[in-house]
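Q: Whatever this is, show me its structure:
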Amino acid sequence: MHVAVAGNIGSGKTTLTNLLSKQYKWEAHYEDVDDNPYLNDFYQDMQRWSFNLQIYFLNSRFSQIIQIRESGKKIIQDRTIYEDAYIFAPNLHSMGLMSTRDFENYFALFNLMSSLIEPPDLLIYLRASIPTLVEQIQQRGRKYENNIRLDYLKHLNERYEAWVETYNLGKLLIVNVNNLNFRDKPEDLSSVMDNINAQIHGLF
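A: Below is the predicted model of the structure:
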C-alpha cells in the first residue's frame, strides 16, 4: 500500500508523514531536502537554478516510487511526483523563472516517467492558508527558506487547489490544517486518522 502526503511548503507534510508512519507502522519516504545540492542556490537565484532543481526532484521522486512498488511494503511518502509536474514547474514557468524550452523538456520527461509508474492508493492533501504556511515556515527556521516570496507561496496555493479539484488518479482525502496541530494535540491527529481509516478500509 502506498499513501502519499501532498501540500504546499510549510503545510506540515513531513510532520504528518512522521507521525502516521509511527502510528500505523508504515515505512516513511521523505523528500530529499537536506541532501539536495540545488535548494540553497535556487532560493538565492530562482531563474538560474529552477530547471536544475526540478530535474533533481523529478529524478529523486521517480526513484522513490520505483523503490516503493518493488518493496511490497506499506509506505507513506512525503510529497508526490505529480506536485513537481503540475504545481512547482508550471508555476516557475508562468512566473518567468523557467524558460519555455526548459519547461517543455521537463514536462516531456515527466510524461515518460508517469507512464511507467502507478499513483498512490491514497493521497492526503493538506490545505493551508498563506498565514499558516508562513508561520510554520518561520517556526522550523530553515535558513534557505528565508528568501521565499509571499507571491510565490500564493501562486503555489492556487495551483494546488486547481490540481486537487481535478485529481482522479486514486482516493483523495483533504485535510484543512489551519486549525490543527498534529504534533502537540493528540486529538487533532486522532481526527485525521479516523478519516484515513475510513479511506483505507475502502481500499480493501
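Q: how about the helices in this protein?
A: 13-24, 39-44, 46-71, 81-83, 89-94, 100-114, 130-140, 150-166, 186-201 (DSSP state H).
Q: Just want to check the distance between the residue most central in space within the chain and residue 17.
A: In the chain, the residue lying closest to the centroid (CA atoms, centre = their mean) is residue 79, at 2.7 Å. Distance of residue 79 to residue 17, computed by CB to CB, to the nearest Å: 9 Å. From N, CA and C alone the C-beta is placed, and that goes for glycine too.
Q: Tell me where the model's unsure across the chain.
A: Scanning the chain for pLDDT under 70 picks out 33, 144, 147, 203-204.
Q: Go again with 80.
A: Residue ranges of the chain with pLDDT under 80: 32-35, 140-149, 202-204.
Q: Settle this for me: the residue nearest to the centre of the chain is touching residue 31, isn't it.
A: Yes: at 4.8 Å, residue 79 counts as touching residue 31 under the criterion of CB atoms under 8 Å.
Q: List the residues that are in contact with both of these two.
A: Shared contacts of residue 79 and residue 31 (CB atoms under 8 Å, 6 or more residues apart in numbering): residue 13.
Q: wait, doesn't residue 2 sit right on residue 120?
A: Yes: with contact defined as CB under 8 Å, residue 2 reaches residue 120; the gap is 4.5 Å.
Q: any residues in contact with both of the two?
A: Common neighbours of residue 2 and residue 120 (CB under 8 Å, 6+ apart) are residue 77.
Q: hang on, the earlier thing: need the winner for burial among the helices of the chain.
A: Each of those was scored by mean neighbour count; the highest is helix 81-83, a mean of 22, by mean count of other CB atoms under 10 Å.
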